[in-house]
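S.K.: What follows is a protein structure lacking sequence information:
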């Protein structure tokens with residue numbers, strides 16, 4: 001039987017044929033990784049598909065100067081566009097993936113096994129099409145932010161996206177700078193301006209959104 005946590009996060013796997021479910025049960029593996037662990041490095045050959053059962057992964061790129069720019073996050077029920085492409089094209093992974101929550105639980109499926117499932121199961125094909133469609137829009141948003149938006153607008157959007165339901169963002173200034181691909185000093189200056197404008201409050205490692213609606217500069 002496939003791990004119930006996997007089925008809960010990815011119901012389509014439970015809708016496969018009995019033979020495919022047995023294959024997945026024999027080949028799929030669950031592993032747990034801590035915050036900051038590098039899951040995939042740029043230039044790695046991706047050995048299979050990974051599915052997030054709990055926690056979050058961050059996919060990002062590095063500039064020649066060492067600055068980071070986040071492409072998208074992968075949470076429960078989602079998958080990685082770049083990993084999917086690498087599995088089917090057998091190309092080297094073009095970015096970095098790290099654990100962005102306290103810990104993450106992953107379900108890994110070997111590449112050859114997943115390609116077999118994709119060729120035989122309509123529900124797998126439908127899931128991959130959905131992943132490709134959603135992530136393309138994510139990447140287009142990143143391109144728009146990096147090329148067209150100001151640092152302040154990018155910061156506002158990041159805070160709005162990362163906030164919990166009660167308006168709390170658990171990120172240090174340094175972590176925000178890494179996510180945006182800019183300097184920590186720039187982030188600190190912009191956060192001070194948002195604080196003086198009455199939009200946020202800051203404490204060590206935490207930011208509280210006082211006027212969340214005012215921080216959204218575009219629809220995500």
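M.R.: Yep, it's here. What you see is a predicted model, and the numbers here were worked out from it, not measured in a lab.

S.K.: Quick check: which ranges of the protein have low pLDDT?
M.R.: 63-68, 137-138, 140-149, 181, 217-220 (pLDDT under 70).

S.K.: Show me what the residue nearest in space to the middle of the chain is bridged to.
M.R.: Nearest residue to the geometric centre of the chain (CA atoms, centre = their mean): residue 73, 1.3 Å. Note on residue 73: beta-bridge partners residue 58, judged by DSSP bridges.

S.K.: Against residue 117, how distant is it?
M.R.: Taking CB to CB, to the nearest Å as the measure, residue 73 falls 25 Å from residue 117. For glycine as for every other residue, the C-beta is placed from the backbone atoms N, C-alpha and C.

S.K.: picking that back up, show me what contacts the residue nearest to the centre of the chain?
M.R.: Residue 73 is in contact with 56-59, 100, counting by CB atoms under 8 Å, 6 or more residues apart in numbering.

S.K.: and these, which are buried?
M.R.: 56-59, 100 (16 or more other CB atoms under 10 Å).

S.K.: all strands for this protein, in order.
M.R.: 29-34, 38-40, 48-54, 57-62, 68-74, 96-99, 103-110, 168-169, 200-203, 206-209 (DSSP state E).

S.K.: Out of these, flag the one nearest residue 139.
M.R.: strand 68-74 (6.2 Å; CB to CB).

S.K.: burial measure for the closest residue to residue 86 other than its chain neighbours, as a count.
M.R.: Distances taken as CB to CB, 6 or more residues apart in numbering place residue 46 nearest to residue 86, at 4.0 Å, with adjacent residues excluded. By other CB atoms under 10 Å, the residues close to residue 46 number 22.

S.K.: can you give me phi and psi for residue 46?
M.R.: The phi/psi pair for residue 46 (degrees, to the nearest 10) reads phi -80, psi 120.

S.K.: what residues are up against it?
M.R.: Contacts for residue 46 (CB under 8 Å, 6+ apart) come out as 40, 83, 86-87, 93, 111.

S.K.: do residue 113 as well
M.R.: By CB under 8 Å, 6+ apart, the contact list for residue 113 reads 23-24, 27, 48.

S.K.: looking at those, which has the most residues close by?
M.R.: Counting neighbours by other CB under 10 Å, residue 24 comes out on top of the contacts of residue 113 with 20 neighbours.

S.K.: Let me know whether it touches residue 17 as I believe.
M.R.: No - between residue 24 and residue 17 there is no contact under CB atoms under 8 Å: 10.5 Å.

S.K.: Many thanks, have a good one.
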